[in-house]
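J.: Here's my sequence, what's the structure:
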Amino acid sequence: MTMTRFYETLKSRFVARAKYRRTLHELSRLPLATALDLDIHPGDIRRIAAEAVYGAARA
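T.: Residues are numbered from 1 along each chain as shown. The predicted model follows:
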């Protein structure tokens, strides 16, 4: 792996992590009634944020 590719990979991971944290923050700030109307339960917020950023099958 070249250094350029290494830094590109590192940068894309940092960008994805920032998107995950932003999505998690936004979902966490939803009023409970609104979240439940959207069928988002508080215990599912981390999974939903991860799926939105990283894709459906992240383990």
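J.: does residue 39 count as helix, strand or coil?
T.: Following DSSP: H, G, I helix; E, B strand; the rest coil, the label given to residue 39 is coil.
J.: mind checking the SS state of residue 14?
T.: Going by three-state DSSP: residue 14 is helix.
J.: buried residues in stretch 38-56?
T.: The neighbour-count check on stretch 38-56 (16 or more other Cβ atoms under 10 Å) flags 45, 48, 49, 50, 53 as buried. For every residue, glycine as well, the C-beta is placed using N, CA and C.
J.: which residues in the chain form helices?
T.: 3-28, 32-37, 45-54 (DSSP state H).
J.: Among these, show me which one is buried the most.
T.: Greatest average neighbour count among the helices of the chain goes to helix 45-54 (a mean of 16), per mean count of other Cβ atoms under 10 Å.
J.: how far is that one from where the chain is centred?
T.: Centroid displacement of helix 45-54 relative to its chain, using Cα atoms, centre = their mean, to the nearest Å, is 4 Å.
J.: And for stretch 2-21?
T.: Stretch 2-21 sits 14 Å away from the centroid of its parent chain (Cα atoms, centre = their mean).
J.: next one: stretch 32-42
T.: 17 Å.
J.: State the mean pLDDT of it.
T.: Per-residue pLDDT over stretch 32-42 has a mean of 96.
J.: Report the separation between the closest residue in space to residue 38 that isn't next to it in sequence and residue 39.
T.: Nearest residue to residue 38, sequence neighbours excluded (Cβ to Cβ, 6 or more residues apart in numbering): residue 30, at 7.6 Å. Relative to residue 39, residue 30 is positioned 12 Å away (Cβ to Cβ, to the nearest Å).
J.: leaving aside the residues next to it on the chain, what's closest to the residue nearest the centre of the chain?
T.: Nearest residue to the geometric centre of the chain (Cα atoms, centre = their mean): residue 20, 2.7 Å. Among residues not flanking residue 20 along the chain, residue 53 sits closest, at 4.4 Å (Cβ to Cβ, 6+ apart).
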